[in-house]
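# okay, here's the prediction I keep looking at, along with the sequence it came from:
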Amino acid sequence: MASSNLRASRPRARIFRRTLLAAVVAGAIGAAPASAIGFTIKPTLSSTPTGGQSTTCLPNVVGLLPLGAVIHYSWGLWGNTAYSTSSNSITLSDTAGGQYLFCEVKVTNALNVILTQLTGKPADLAIISRIKGIAPSNLSLPSVSGKKRVGQKVRCNPGSWSALPSSYSFTWLRNGSPVSTGRQRKLRGGDQGQSIACSVKAKNPFGTSGTVTSPAVSVH
């Protein structure tokens with residue numbers, strides 16, 4: 001009988017020892033300082049930053065963050081502008097091409113103290129990337145201004161464009177066919193009674209737009 005009780009008590013003893021060990025380990029982890037819990041951060045951007053588009057800052061935490069840790073984000077243009085946002089995503093201006101964007105990632109505890117990474121360095125790193133520029137895009141159509149009479153000059157207004165064009169090219173159309181270039185056109189006898197319009201292309205350091213054409217006007 002005593003032997004039977006002894007055999008029955010052994011599994012219970014093993015279960016008790018395992019439970020006790022688990023409690024000790026859990027207590028040790030809970031009491032460990034933040035720097036003793038291993039993690040690193042390696043921030044990256046979700047995509048190549050491009051003018052007029054959104055990009056997201058990914059902290060890429062490797063390992064285990066301490067309980068109560070907070071991830072902070074800050075954005076800016078290198079040596080120029082700091083953005084007033086704490087979001088991990090940002091939408092860039094369509095004129096930001098060629099500048100350098102940075103996203104800084106910082107990990108703090110509940111007291112806003114920067115934590116230490118597994119490497120022993122502060123968890124405060126930045127990723128820097130050059131912003132890809134975009135070609136201009138038309139926002140409102142060109143228009144023809146001036147007196148639409150033979151012998152008078154008309155002018156092509158380029159309309160409005162995104163991505164800050166640095167120059168324009170102009171082509172004049174009579175009944176849909178090219179007849180001259182330049183921003184102005186002096187109306188001739190062949191224009192009388194015909195429809196005149198101007199087409200425009202916009203250019204910046206990152207590319208050239210497609211062609212857009214103004215509404216046609218009649219020449220008297």
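Looks like it arrived, so ask away. Numbers count the residues shown, from 1 in each chain.

# report the buried residues of stretch 164-171.
The neighbour-count check on stretch 164-171 (16 or more other Cβ atoms under 10 Å) flags Leu164, Pro165, Tyr168, Ser169, Phe170, Thr171 as buried. To be clear about C-beta, it is placed using only N, CA and C from the backbone, and glycine gets the same treatment.

# thinking the first one is in contact with Thr95, fair?
Read it as Leu164. Yes. Counting by Cβ atoms under 8 Å, Leu164 touches Thr95, with 4.7 Å between them.

# got the domain ranges for this structure?
35-130, 138-218 (automatic domain parsing).

# dump the residue contacts of Ala163.
Contacts for Ala163 (Cβ atoms under 8 Å, 6 or more residues apart in numbering) come out as Gly51, Gly52, Asp94, Thr95, Gly97, Gly133, Ile134, Ala135, Pro136, Ser137, Asn204, Phe206.

# typo on my end, Phe206
Phe206 touches Gly51, Gly97, Gly98, Lys132, Gly133, Ile134, Ala135, Ala163, counting by Cβ under 8 Å, 6+ apart.

# of the residues you listed, buried ones?
With neighbours counted by 16+ other Cβ under 10 Å, the contacts of Phe206 contain buried members at Gly51, Gly97, Lys132, Gly133, Ile134, Ala135, Ala163.

# among these, which ones are in strands?
Per DSSP state E, strands hold no members of the buried ones among the contacts of Phe206.

# and which of those residues is nearest Ser86?
Gly51 (22.5 Å; Cβ to Cβ).

# wait, the closest one touches Gln99, no?
No. Between Gly51 and Gln99 there is no contact under Cβ under 8 Å: 9.1 Å.

# now do the shared contacts for those two.
Ile131.

# low-confidence ranges, the protein, go.
The model of the chain has pLDDT under 70 over residues 1-37.
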